[in-house]
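**Q** What follows is a predicted structure for the sequence shown.
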Amino acid sequence: MPTFERRLDARLVLAVVAVGIMSFAGVVVETAMNIAFPALMKEFGVSTSTVQWITTGYLLVLAAIMPISSFLNRRLRTRTLFALAMVAFLAGTVMCAAAPHFTVLILGRLVQGVGTGIALPLMFNMVLEQVPFERLGTMMGVATLITAIAPAVGPSLGGYLIGAFGWRSIFIVLLPFLVVAGVLGVLAIRQADAAFSPLQFLVMAAGFTALVLAMNAAGETGWTSPRVLGLLALALVLIAVFCVLSSRSERPLIRIRIFADRTYTLSVTYVVLIQAIVLALGYLIPYYAQVGASMGSFAAGCLLLPGCVLGACLTPFGGRVLDVLGPARPILVGAACGVLAMVLFAAVGVAVPAAWLALIYVIMPVCQGLSVSNSMTNGLRGLPDHLQADGNAAFNTIQQLGGAVGTAVATAVVNAAQSADPGDLVAATRSGTRTGFVVLLILSVIALAAAASVFVGRRPAAGGGAGAGG
């Protein structure tokens with residue numbers, strides 16, 4: 001694992017910006033494509049359950065690639081990793097922009113997923129390895145700004161571009177920003193001077209795929225159908241096999257003993273649930289606004305924009321709160337805000353004009369800004385230095401898997417409602433959206449319980465530190 005002198009200077013900031021631009025582009029296009037679903041369904045002649053693989057397939061690749069980041073971080077130079085990520089993301093972007101068929105578009109999204117899957121953990125590893133400990137919370141907050149704000153920027157940007165130039169412009173507009181990121185990365189990223197296990201990787205990827213396929217199939221065959229139950233059982237078996245292989249390997253993709261740390265495991269649980277909720281909302285709200293409330297693509301995308309602006313201000317601030325006050329207060333307040341938002345969505349989500357959803361959604365970035373990056377920081381800081389890369393890889397892997405599952409579940413719920421009432425698409429979409437909000441409310445309550453459990457019976461960390469208490 002590379003060793004760096006911990007100093008926060010202009011070069012490190014520029015390096016984080018370079019990787020952050022690519023990570024931001026990856027997450028923005030992920031959510032921007034949700035707005036394009038109706039246009040893609042019309043142009044390529046595909047169904048709701050098929051078109052959602054534009055997002056779900058991408059997230060699934062992220063979840064499969066991110067565990068390798070720990071291995072790559074130990075074996076390759078930081079600048080080399082950045083170059084690999086940039087080449088993959090650029091290639092995928094060009095494929096998507098020029099895609100003549102839906103299959104090519106899906107393939108391009110998968111290639112983009114490889115690039116983002118390398119870039120996101122790389123950004124967090126740079127912060128964990130190079131930022132002074134007393135500024136770690138703040139810089140983790142800045143890094144998390146990428147994943148916290150991009151899901152809100154994507155729909156509004158995508159809605160505007162689709163209305164003005166067509167869905168292909170979502171990919172074309174990324175190219176100049178990626179070129180700038182490439183130049184910055186080559187100039188600013190510092191250099192610093194494990195055998196890969198294909199079996200572990202294939203077993204893990206197959207387990208993740210079975211899980212997402214089960215969520216997607218539920219919308220067509222029901223949650224208790226043999227197909228769904230069989231896929232869920234297969235997913236559990238494969239993930240268990242991966243854990244066994246990793247625990248017995250001298251060179252695992254991820255050292256799963258990180259999950260023996262109670263704080264880390266509960267923090268991962270909280271973050272993955274919030275990620276699932278946020279990305280599910282990123283699908284539900286714009287889709288409902290277009291199909292269930294007859295809004296245009298740009299107006300539907302802009303429903304998440306006020307929350308984006310607020311979240312941009314709060315995320316770095318949340319990291320600073322952790323540095324000064326410790327983790328408990330910002331994390332618990334943020335988790336409570338998440339429950340409040342989902343209570344409002346479940347209670348009045350489809351009973352008020354669609355524009356009101358923008359006001360309710362503003363509460364979710366408050367939840368993210370105060371709690372997500374701080375939960376990651378709090379969970380990672382208790383791990384030994386030699387397990388930091390593994391902890392970061394697992395955090396990002398499970399977070400993206402949560403996003404894939406959240407999107408798949410939301411799509412399945414809406415698709416099930418539409419299948420039950422094919423004669424009235426608007427009414428069915430409203431019903432499915434309402435049910436989706438209730439499901440996400442349940443997840444938010446579980447997330448709050450996980451966040452609170454981190455601090456129940458917790459002893460102060462030895463040696464103090466700004467973030468050690470709560």
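**A** That came through, no problem.

**Q** Low-confidence ranges, the stretch 351-470 of the chain, go.
**A** Scanning the stretch 351-470 of the chain for pLDDT under 70 picks out 457-470.

**Q** Is residue 313 in a helix, a strand, or coil?
**A** Here residue 313 is recorded as helix under DSSP: H, G, I helix; E, B strand; the rest coil.

**Q** how many other residues sit next to the nearest residue to it once chain neighbours are set aside?
**A** The shortest distance from residue 313 to any non-neighbouring residue, by C-beta to C-beta, 6 or more residues apart in numbering, is to residue 369 (7.8 Å). Every residue, glycine included, has its C-beta placed from N, CA and C. Residue 369 has 29 neighbours, counted by other C-beta atoms under 10 Å.

**Q** do you know how far residue 369 is from residue 296?
**A** 29 Å (C-beta to C-beta, to the nearest Å).

**Q** got it, and residue 444?
**A** 30 Å.

**Q** okay, these two: which has more neighbours?
**A** residue 444 (27 against 13).

**Q** Residue 345 is in contact with that one, correct?
**A** No - with contact defined as C-beta atoms under 8 Å, residue 444 does not count as touching residue 345 (9.5 Å).

**Q** Mutual contacts of these two, please.
**A** With contacts taken as C-beta atoms under 8 Å, 6 or more residues apart in numbering, residue 444 and residue 345 have no neighbour in common.

**Q** about what we covered before: name the SS class of the residue nearest to residue 313, please.
**A** Going by three-state DSSP: residue 369 is helix.

**Q** tell me the contacts of the most centrally placed residue in the chain?
**A** Taking C-alpha atoms, centre = their mean as the criterion, residue 400 is the residue nearest the geometric centre of the chain, at 4.4 Å. Residues in contact with residue 400 (C-beta under 8 Å, 6+ apart) are 59, 62-63, 66, 117, 120, 275.

**Q** Could you work out the most separated pair of the residues you listed?
**A** 117 and 275 (14.8 Å; C-beta to C-beta).

**Q** where do the helices sit along the stretch 301-450 of the chain?
**A** 305-325, 328-348, 356-361, 363-381, 388-420, 425-455 (DSSP state H, counting those that start in this stretch).

**Q** so which of those helices gets nearest residue 108?
**A** Nearest to residue 108, of these and by C-beta to C-beta, is helix 388-420 at 17.5 Å.

**Q** returning to what we had before: indicate which one of the helices of the stretch 301-450 of the chain is closest to residue 174.
**A** Closest among the helices of the stretch 301-450 of the chain, using C-beta to C-beta: helix 305-325, at 17.6 Å.

**Q** The closest one vs helix 328-348, what angle?
**A** 160 degrees (axes from the mean of the first three to the mean of the last three C-alpha atoms, to 10 degrees).

**Q** what are the ranges of the strands in the chain?
**A** Counting by DSSP state E, one finds no strands in the chain.

**Q** Which secondary structure element of it has the lowest mean pLDDT?
**A** Here the helix or strand of the chain ranked lowest by mean pLDDT, DSSP states H and E is helix 68-75, holding a mean of 65.

**Q** quick one: residue 125 and residue 174, what's the gap?
**A** 23 Å.

**Q** In the stretch 201-350 of the chain, where is pLDDT below threshold?
**A** In the stretch 201-350 of the chain, residues with pLDDT under 70: 219, 251, 312, 315-316, 319.

**Q** Pretty sure residue 280 sits against residue 414.
**A** No - with contact defined as C-beta under 8 Å, residue 280 does not reach residue 414; the gap is 10.3 Å.

**Q** Between these two, which has more neighbouring residues?
**A** Neighbours were counted for residue 280 and for residue 414 using other C-beta under 10 Å; residue 414 has more, 28 against 25.

**Q** which ones are touching the more buried one?
**A** So residue 414 contacts 48, 219, 284, 287, 429, 432-433, 436 (C-beta under 8 Å, 6+ apart).

**Q** rerun that using 7 Å as the cut-off
**A** Residue 414 sits next to 287, 429, 432-433, 436 when contact means C-beta atoms under 7 Å, 6 or more residues apart in numbering.

**Q** Over to residue 397?
**A** Per C-beta under 7 Å, 6+ apart, neighbours of residue 397: 63, 66-67.

**Q** Would you format the residues you listed as TSV with pLDDT, neighbour count and distance to residue 351 included?
**A** Below are the contacts of residue 397 laid out as TSV (pLDDT from 0 to 100; neighbours: other C-beta atoms under 10 Å; distance: C-beta to C-beta, whole Å):
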residue	pLDDT	neighbour count	distance to residue 351
63	74	28	35
66	72	27	39
67	70	26	43
